[in-house]
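Undergrad: Below is the sequence, then the predicted model.
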Amino acid sequence: MSIASHHPKQAERLQALYSYEILDTDREKAFDDVAKLAAEICGTAISVINLIDAERQWFKAEVGLGVRETPLETSICSHVILGQDFVEIEDTVLDARMQDNPLCCGDPGLRFYAGALLKSDDGLPIGTLCVLDWQPRQLSALQRDAIRVLAKQVMAQLDLRRSLRTAETLRKEVDHRVKNSLQTLSSFAGIQARSSKSVEAKQAFEHMHQRIQTVAMLHEQLYKTDAGSHVDLGRYVENVANFLRGVAPDNVVIETEIEHLLVGSEQASSVGLILNEFAANSFKHAFPDERKGVMRFALAKKPDGLIEIKCADDGVGMRINGHAAASGLGFKIKMAACQRLGCELTMEDAKPGVIARFEFEPGMAG
C-alpha cells in the first residue's frame, strides 16, 4: 500500500494543528453545516472536514461516513496535504497513490475525491475540506470554487476561536497582575496606617487603603462580567449591586432596575466607581440611627440613545452634609469618573432621600 510520506515540516505542521485545540471535540452545527453544504453543492455521497494528526485522520464533521477517525494508512488526504491547495482525483484507481488503497479498491470503493487544503495562517496544511463519491466524476468550476470558499470559512472559524482563546488567556494574566498590584498597594497603605503616629496621616492612609480595596472590588466585578472591550452594563451593575448588598448595613435594601446595554469596559468601570461612591455615602449618612431604607440603581437607554443612570435612596436627604458636600475624596472620585464619561452628575433632593443622575453616550472602546 502506498503510504504518504510525512510533510517536510511535520513538527511545525502538527504544532500548528494542536494550537487550534480542535481534535477530539464534540460535533458542532457550524462545522456540520459546512460539510452538508459541500456535499449538496457537489452532489457527492460523502463530505468531510478532515484534520491530519500524527497517526490518524480525525473528522470534525462528516456526511456519509458515520465514523470520526480512520488510520493514516488508508488516508487519501494524507497524500493531498503534500501537494497543491486544491486536488481533484476523477478516478482514484487510476491514481498511482490510491491503486492499492483498500478504501478505493474495495467493493464499493471510493472512486472520486476532491479537496481543498485547510491551512494555518503561516501556510502549514492541517487538513482538508473534501468531498468523495462511489463513482468517478468531475466537478464543475463553480463546485471547485465552492469547496475552496468553504475551506476558507472553516479556517476563519478556527482562527477566530484560537484568537479568542489567546485574548482570554492574556486577559486572565492582566487580571492576575492587576489584582496582585492592588493587593500590594493595599497592604502598604494598611501598614502605613497602623504605623503612623500622626492622626491625620493615619486617617489619610486608612482612606487610601479603603479606596484601593474599592478599586480592587470594582475590577473583580468587571472581570466577573467577562469584560472584554464590550461590556453588558446591566450585568455589571447587577454584579456591583450584589457586592454592595454583601457590605450594606442590615437596615438598607439595595434594588436595581436595569436594561442590558453594551458599553466600553472603561465606561463600565467609571459607572462602577460612581455607584460605589454613592452607596458609601448613603451607608454613612442617609440612614442614621439604623433607620430602615432603600437604595436603588436604575439603568435605561433614552430615546436619544444616551444611557441614563439614577442612584437614589429614601434617606434623610440633602440636608445632611454627606450628600451635599462638594469636597472630599469621594466627591472627587465621582467627578473624575463623570469626566471620563463626558457627563455631569446632578444631585436632587427627592423628599425623602436624594437622587444622583447622570447620562452618557455609549461607546465601544475598552
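TA: The structure has been received and is ready for your questions. What you see is a predicted model; the values in this text were computed from it and never measured.
Undergrad: Which residue ranges of the stretch 151-300 of the chain form strands?
TA: 230-232, 252-257, 262-264, 293-301 (DSSP state E, counting those that start in this stretch).
Undergrad: Now render the ones you listed as JSON lines, adding mean neighbour count and distance to residue 149.
TA: Every residue, glycine included, has its C-beta placed from N, CA and C. Below are these laid out as JSON lines (neighbours: other C-beta atoms under 10 Å; distance: least, C-beta to C-beta, whole Å):
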{"stretch": "strand 230-232", "mean neighbour count": "20", "distance to residue 149": "29"}
{"stretch": "strand 252-257", "mean neighbour count": "16", "distance to residue 149": "47"}
{"stretch": "strand 262-264", "mean neighbour count": "19", "distance to residue 149": "31"}
{"stretch": "strand 293-301", "mean neighbour count": "19", "distance to residue 149": "39"}
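Undergrad: which stretch among those comes nearest residue 337?
TA: Among the strands of the stretch 151-300 of the chain, strand 262-264 comes nearest to residue 337, with 13.3 Å by C-beta to C-beta.
Undergrad: list the helices and strands that closest one packs on?
TA: Contacts defined by 3 or more C-beta pairs under 8 Å, 6 or more residues apart in numbering; DSSP states H and E place strand 262-264 against strand 230-232.
Undergrad: partner strands of the strand it packs on, parallel or antiparallel?
TA: strand 262-264 (antiparallel) (DSSP bridges).
Undergrad: Straight-line length of stretch 5-13, end to end?
TA: Terminal residues of stretch 5-13 are spaced 13 Å apart (C-alpha to C-alpha, to the nearest Å).
Undergrad: Give me the contact list for that stretch.
TA: Where contact means C-beta atoms under 8 Å, 6 or more residues apart in numbering, the residues beyond stretch 5-13 that reach it are 54, 81-82, 124-126.
Undergrad: returning to that earlier point: JSON lines please, covering the strands of the stretch 151-300 of the chain and showing distance to residue 271 and mean pLDDT.
TA: Listed next are those as JSON lines, based on distance: least, C-beta to C-beta, whole Å; pLDDT from 0 to 100:
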{"stretch": "strand 230-232", "distance to residue 271": "9", "mean pLDDT": "79"}
{"stretch": "strand 252-257", "distance to residue 271": "13", "mean pLDDT": "95"}
{"stretch": "strand 262-264", "distance to residue 271": "8", "mean pLDDT": "86"}
{"stretch": "strand 293-301", "distance to residue 271": "8", "mean pLDDT": "95"}
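Undergrad: Would you map the helices across the stretch 201-350 of the chain?
TA: 233-247, 265-285, 321-324, 329-341 (DSSP state H, counting those that start in this stretch).
Undergrad: what's the most buried one of the ones you listed?
TA: Stretch with highest mean neighbour count among the helices of the stretch 201-350 of the chain: helix 265-285 (a mean of 23; mean count of other C-beta atoms under 10 Å).
Undergrad: Just the CA trace of that helix, in PDB.
TA: Presented in PDB, the C-alpha positions along helix 265-285 are these (Å, rounded to 0.1, in the frame of the first residue of the first chain):
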ATOM      1  CA  SER A 265     -15.200  48.500  29.600                       C
ATOM      2  CA  GLU A 266     -13.700  51.800  30.600                       C
ATOM      3  CA  GLN A 267     -17.200  53.300  30.700                       C
ATOM      4  CA  ALA A 268     -18.400  50.400  32.800                       C
ATOM      5  CA  SER A 269     -15.500  50.900  35.300                       C
ATOM      6  CA  SER A 270     -16.400  54.600  35.600                       C
ATOM      7  CA  VAL A 271     -20.100  53.800  36.200                       C
ATOM      8  CA  GLY A 272     -19.000  51.300  38.900                       C
ATOM      9  CA  LEU A 273     -16.900  54.000  40.700                       C
ATOM     10  CA  ILE A 274     -19.900  56.400  40.800                       C
ATOM     11  CA  LEU A 275     -22.300  53.800  42.100                       C
ATOM     12  CA  ASN A 276     -19.900  52.600  44.800                       C
ATOM     13  CA  GLU A 277     -19.200  56.200  46.000                       C
ATOM     14  CA  PHE A 278     -22.900  56.900  46.100                       C
ATOM     15  CA  ALA A 279     -23.500  53.800  48.100                       C
ATOM     16  CA  ALA A 280     -20.700  54.500  50.500                       C
ATOM     17  CA  ASN A 281     -22.100  58.000  51.100                       C
ATOM     18  CA  SER A 282     -25.600  56.600  51.600                       C
ATOM     19  CA  PHE A 283     -24.500  54.000  54.000                       C
ATOM     20  CA  LYS A 284     -22.700  56.600  56.100                       C
ATOM     21  CA  HIS A 285     -25.100  59.500  56.100                       C
END
